[in-house]
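In: sequence and predicted model, in that order:
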Number of protein chains: 2
Amino acid sequence: MDINYIQGGVTSPQGFLASGIHCGLKKSTIKKDLALIYSEVPSNAAGVFTKNKVKGAPLYITKEHLLNKKARAIIVNSGNANTCNGEDGLKKAKKMAMLQAKELNIKTDDVLVASTGVIGVPLNIDAIKDGIPLLTKELAKEGYEDASSAIMTTDTFKKQLALEFYIGDVKITLGAMAKGSGMIEPNMGTMLSFITTDLDISPELLNEALKSSVKISYNRVSVDGDTSTNDMVLILANGLAKNDPITEKDEKYETFLNALNDLNIKLSKNIAKDGEGATKLIECKISGAKTEDDAVTLGKSIVNSNLVKTAIFGSDANWGRILCSLGYAQIDFDPNKVDVYFESCAGSIKVCEHGTSIEFNESKAKEILIQDEITIKVDLFLGDGNACVWGCDLSYDYVKINGDYRS
Amino acid sequence: MDINYIQGGVTSPQGFLASGIHCGLKKSTIKKDLALIYSEVPSNAAGVFTKNKVKGAPLYITKEHLLNKKARAIIVNSGNANTCNGEDGLKKAKKMAMLQAKELNIKTDDVLVASTGVIGVPLNIDAIKDGIPLLTKELAKEGYEDASSAIMTTDTFKKQLALEFYIGDVKITLGAMAKGSGMIEPNMGTMLSFITTDLDISPELLNEALKSSVKISYNRVSVDGDTSTNDMVLILANGLAKNDPITEKDEKYETFLNALNDLNIKLSKNIAKDGEGATKLIECKISGAKTEDDAVTLGKSIVNSNLVKTAIFGSDANWGRILCSLGYAQIDFDPNKVDVYFESCAGSIKVCEHGTSIEFNESKAKEILIQDEITIKVDLFLGDGNACVWGCDLSYDYVKINGDYRS
């Protein structure tokens, strides 16, 4: 199947507009803090949310508004997570949707809400209220750039993509914008991703495709093992491509899922690469685990290990830390069968065989590990469970960003 | 019950000698790397070992030698973990015990073995072999200082304690030495603790007391969430105090257990405080969880969160990160009932009530948080499950120690 990436973002699919403005939640007036995505026609919608028991107020409102599996707009603020704000938070999240709905002349439950930023500080709803008229007026095809700026926190680059693929001879477009682990003021990171498409697909299958895709993309990223209270992935599909509607899990569905997976995996890798303070993307490929779930758990244990993360930061071929992190993942495997490789654009080197040290060329290992995208390949020789997960290294800047307010 | 801490260490109980020398495993000749603890008379013994599936070779040998619940000597090297070394590692760990046994003229299975240091590098058994005669010759009452030096890696201070308590009118002495998370060359940290006592207790109850005590002390410490391959706690009880022997779970047993817990908790806190790069001890007190196990899991989730650890490093009253880390611990609780306090020698301050922000004096919070021992108190108001766990902050030095070999 052909997937063709194009210049663009959430407004690339037909019928989608977007905007981003500064309304006053961030102190700096040159930093945008309010974004809007809008479908000119009714649209099916689906969402996936954080599993954290502590959830931001917007998540409750957005879930409620998704009950009818339809939505036309997504309003997102940065600068305040609207989390741990009790009843007041819920009221304000609802009000955000209501105000935006009124301005767009659509129903309140057609508006989805997301927030990212500091926790436990009351949301300045007045700033948002005052911003909504301008935000709505600015809606445009070119607005995707402003929208994706407005959801950034400590992200160092915008994460947006657009791609085209075909169902039969009908061109379908997918667009997306995401933010990774960042903070404001400072606070915890949040992973947000908003996907748009002009595909005609039933809401049930849209939901199923999103869930399945999130499982192998965003859910396999870890910057620091801290699952945010506000993580959210939303998709809107407005059907304007006028393809033969997807109503069952046929070849067309697979074609769409394949494109969606490709998009989400690319965004996930960008999120990992732009983790707070990160200097390197770590891709961890586990093969030969008993099951795919086992492979994911083992891979996550590796990319979440501070000792592995600091070793990769230091370009140190310290595979013992990898064995160690596999060992405490509470997954069944045979330590005496494990092979470990380090790989990058500079080559591949085996550093551990059957769980034991082997001689390897240290300078070759260094050459591989000084690159900025490192793959840790682990073969367990037990079964067919394979998985790829992504993380990043742990650097001085992570500590600086999250901890150093003394200076 | 009275517990009286005294100057001393593993040789404080009657009949114990110790020594520590440099045999050549560490490069610097002024750094000791081989330690010995010896009981002049037969001694009951028990051990608790890492749950990591990847285990160092010494752990297999020591477990084997503990099958008869007796031991008289513990030989420990630093500078090499003798882990991931396959058959060769097992042979060398066995040989270490054998050589030491021969020199002491005791049985091989009366010698327990422990190692800490780099993983996956063959152990230089010749250096140990050559060192054993001197190591044995140096055995002395004053040897506890050298012994505890010889097991240090990146530890910044020696961790040894001795205490006295009474069973009836018989004075019992407990001694101990431990090492925390450190590294060599560099590599992973290992928690080792060796306890001696002249108490007369059945091996079964000694084992039970140790297990029960480890559960509420060492097992509640986390420096970086990475469970080492070589963690080990051993206890020898030689009976020379001539107390009425402890053979059932009576008041005498409780008296001993109480003293053992006190000792192990103090050592555990020292280990947390001396975590790699740590500038602060974090004590996390969870109360009102459904069960004690739930309280431990929630507390560990807090002290393992890199975002909490960096916030404490930065003396930042960022309680949102605490709520967040509770939320992903996969334990049942009500986020709307949670109260959070920060405490230290400078006072106590409530920062979150019913899961929601409350106004608090920021400069008072700062004054509390700039201290070097911080307590995070979390009340869940659900049940009777309480627990205390310990960790440390995450600083630039953690990254430096474990990752920065570029400079």
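Out: Nice, thanks for sending it over.

In: give me the mean pLDDT for stretch A:59-76.
Out: What stretch A:59-76 shows for mean pLDDT is 96.

In: point me to the residue of the stretch 51-200 of chain A nearest chain B.
Out: A:Ile119 (2.8 Å; C-beta to the nearest C-beta). Glycine gets a C-beta too; all of them are placed from N, C-alpha and C.

In: does that residue really touch B:Gly320, like I thought?
Out: Yes. Contact status for A:Ile119 versus B:Gly320: in contact at 2.8 Å, counting by C-beta atoms under 8 Å.

In: helix, strand, or coil at A:Leu99?
Out: helix (DSSP: H, G, I helix; E, B strand; the rest coil).

In: residue contacts, it?
Out: Residues near A:Leu99 by C-beta atoms under 8 Å, 6 or more residues apart in numbering or on different chains: A:128-129, A:132.

In: follow-up on the earlier one: how close does the residue of the stretch 51-200 of chain A closest to chain B get to A:Glu87?
Out: Distance, A:Ile119 to A:Glu87, using C-beta to C-beta, to the nearest Å: 16 Å.

In: higher neighbour count, those two?
Out: More crowded of A:Ile119 and A:Glu87, by other C-beta atoms under 10 Å in any protein chain shown: A:Ile119, with 28 against 10.

In: and the more buried one, backbone torsions?
Out: The phi/psi pair for A:Ile119 (degrees, to the nearest 10) reads phi -100, psi 150.

In: what sits against the nearest residue to A:Gly320 once chain neighbours are set aside?
Out: Counting by C-beta to C-beta, 6 or more residues apart in numbering or on different chains, the nearest residue to A:Gly320 once its immediate chain neighbours are dropped is B:Ile119, at 2.8 Å. Neighbour list for B:Ile119: A:320-321, A:323-324, B:81, B:83-84, B:187-188, B:229 [criterion: C-beta under 8 Å, 6+ apart].

In: same list (those residues) but as a markdown table, adding pLDDT.
Out: Shown next, in a markdown table, are the contacts of B:Ile119 (pLDDT from 0 to 100):
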| residue | pLDDT |
| --- | --- |
| A:Gly320 | 87 |
| A:Arg321 | 87 |
| A:Leu323 | 91 |
| A:Cys324 | 86 |
| B:Ala81 | 90 |
| B:Thr83 | 89 |
| B:Cys84 | 88 |
| B:Asn187 | 36 |
| B:Met188 | 39 |
| B:Thr229 | 78 |
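
In: could you identify which of those has the most neighbours?
Out: B:Thr83 (36 neighbours).

In: pLDDT weak spots in the stretch 301-407 of chain A?
Out: Confidence mapping of the stretch 301-407 of chain A against pLDDT under 70 gives the ranges A:404-407.

In: can you map out the helices along it?
Out: Using DSSP state H, counting those that start in this stretch, the helices of the stretch 301-407 of chain A run over A:306-313, A:319-327, A:362-369, A:396-403.

In: out of those helices, deepest packed?
Out: helix A:306-313 (a mean of 28; mean count of other C-beta atoms under 10 Å in any protein chain shown).

In: chain center to that helix, what's the gap?
Out: 22 Å (C-alpha atoms, centre = their mean, to the nearest Å).

In: quick one: contacts of that helix?
Out: A:279-280, A:282, A:302-303, A:317-318, A:321-322, A:324-325, A:369, A:374, A:376, A:391-395, B:188, B:224-226, B:306, B:394, B:398-399, B:402-404.

In: against A:Ile128, how distant is A:Leu263?
Out: The value you get for A:Leu263 to A:Ile128, if C-beta to C-beta is used, is 29 Å.

In: I misspoke; the intended subject was A:Val303.
Out: A:Val303 is 36 Å from A:Ile128, by C-beta to C-beta.

In: same deal with A:Leu112?
Out: Relative to A:Ile128, and taking C-beta to C-beta, A:Leu112 is found at 15 Å.

In: neighbour count winner among those two?
Out: Higher neighbour count among A:Leu112 and A:Ile128: A:Leu112, with 27 against 24, using other C-beta under 10 Å.

In: how about that one, secondary structure?
Out: Under three-state DSSP, A:Leu112 comes out as strand.

In: A:Leu210 is in what secondary structure piece?
Out: Assigned by DSSP states H and E, A:Leu210 belongs to helix A:203-215.

In: which other helices and strands does that helix contact?
Out: Counting contacts by 3 or more C-beta pairs under 8 Å, 6 or more residues apart in numbering or on different chains; DSSP states H and E, helix A:203-215 packs against strand A:44-49, strand A:232-237, helix A:251-273.

In: how about A:Lys107, phi and psi?
Out: Dihedral angles (degrees, to the nearest 10) for A:Lys107: phi -80, psi 150.

In: what is the burial count for it?
Out: Neighbour number of A:Lys107 under other C-beta under 10 Å is 16.

In: how much space separates it from A:Ile75?
Out: For A:Lys107 relative to A:Ile75 (C-beta to C-beta), the value is 14 Å.

In: and if you look at A:Ile119?
Out: In terms of C-beta to C-beta, A:Ile119 sits 19 Å off from A:Ile75.

In: how about the residues of the stretch 1-150 of chain A near chain B?
Out: Selection of the stretch 1-150 of chain A residues close to chain B by C-beta under 8 Å from any C-beta of the partner chain yields A:51-55, A:81, A:83-86, A:118-122.

In: which two of those have the greatest separation?
Out: Greatest spatial distance in the residues of the stretch 1-150 of chain A next to chain B: A:Lys51 and A:Pro122, 25.7 Å, computed using C-beta to C-beta.

In: quick one, what contacts A:Asn386?
Out: A:Asn386 touches A:285-289, A:292, A:295, counting by C-beta under 8 Å, 6+ apart.

In: of those, which belong to strands?
Out: Among the contacts of A:Asn386, the residues falling in strands (DSSP state E) are A:285-289.

In: in TSV: those residues, plus neighbour count, distance to chain B and pLDDT.
Out: Output for these, formatted as TSV (neighbours: other C-beta atoms under 10 Å in any protein chain shown; distance: C-beta to the nearest C-beta, whole Å; pLDDT from 0 to 100):
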residue	neighbour count	distance to chain B	pLDDT
A:Lys285	17	19	96
A:Ile286	28	15	97
A:Ser287	18	18	97
A:Gly288	19	15	97
A:Ala289	27	13	97
